[in-house]
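Visitor: Sequence below, structure please.
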Amino acid sequence: MFYSEACERNKNPILEVITPWLRDVTTVLEIGSGTGQHAQYFTQYLPQIRWQMSDFGDYLTALQQQRFESLLPSIELDVRQAETWPEGKYDAVFTANSLHIMSATSLEKLVACVGRVLAAGGFLIIYGPFKYAGQYTSESNARFDQMLRQNDSESGIRDFEWVNKLVENQGLGMQQDVSMPANNQCIIWQKNA
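Guide: Numbering: from 1, shown residues only. Below you'll find the model as predicted:
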């Protein structure tokens, strides 16, 4: 079974930010569920949500081998392939610590598909590190970005302004941008009704 210490550290701060936005939400698609720890924890406190975890490769295999009683069965979703996205509409889409480990092209495809699967009035919630006006929010994020790019030249901490423009082009407006522990952000957009 996969386990993420980072998920354990950040799950409660994220829950505190997202709870007011998700009180009336009944369906969430999580992109890049990884270990499944976020979904398991969040649905304990938001039991009305039918949470759809997704991933691919070894993470999907590990998710499918676990029993998550309060969660929908995990599905395969590769953001680079539009045909792997589910057909239904979701009240919210959530992803954590994923944008900086994917290519810019993959991120563009992710946002375009979110625009398709998100219901009117629905929320897009992204957790992770960002740059603002080309500047890192901390020296540790600058070092982290350098390490990411050395390992994979297509990955790296994304510029908020670029991501925000992509999201706005899908008919969503930013509602909240919260500074989080460990130099991360939790940003919430809402799709126009």
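Visitor: Specify the helix with the largest residue count in the chain.
Guide: helix 5-22 (DSSP state H).
Visitor: Okay, buried residues for it please.
Guide: The neighbour-count check on helix 5-22 (16 or more other CB atoms under 10 Å) flags 7, 10, 11, 13, 14, 15, 17, 18, 22 as buried. Yep, even glycine has a C-beta here, placed from its N, CA and C like the rest.
Visitor: any idea how far that helix is from the chain center?
Guide: Relative to its parent chain, helix 5-22 has a centroid offset of 12 Å by CA atoms, centre = their mean, to the nearest Å.
Visitor: Residue 87 belongs to a helix, doesn't it?
Guide: No: Residue 87: not assigned to a helix; according to DSSP: H, G, I helix; E, B strand; the rest coil it is coil.
Visitor: Quick check: it vs residue 56, distance?
Guide: Using CB to CB, to the nearest Å, we find residue 87 at a distance of 18 Å from residue 56.
Visitor: related to what we said a few turns ago, which one of the buried residues of helix 5-22 is nearest residue 67?
Guide: Among the buried residues of helix 5-22, residue 7 lies closest to residue 67 (CB to CB), at 18.3 Å.
Visitor: ok, the nearest residue to that closest one once chain neighbours are set aside to residue 160 distance?
Guide: Residue nearest to residue 7 in three dimensions, not counting chain neighbours: residue 37, with 4.0 Å by CB to CB, 6 or more residues apart in numbering. Using CB to CB, we find residue 37 at a distance of 26 Å from residue 160.
Visitor: And residue 90, by the same measure?
Guide: With CB to CB as the criterion, residue 90 and residue 160 are 23 Å apart.
Visitor: which of those two has more neighbours?
Guide: The residue with more neighbours, out of residue 90 and residue 160, is residue 90; 23 against 19, by other CB atoms under 10 Å.
Visitor: picking up where we left off before, which one of the buried residues of helix 5-22 sits closest to residue 121?
Guide: residue 22 (12.6 Å).
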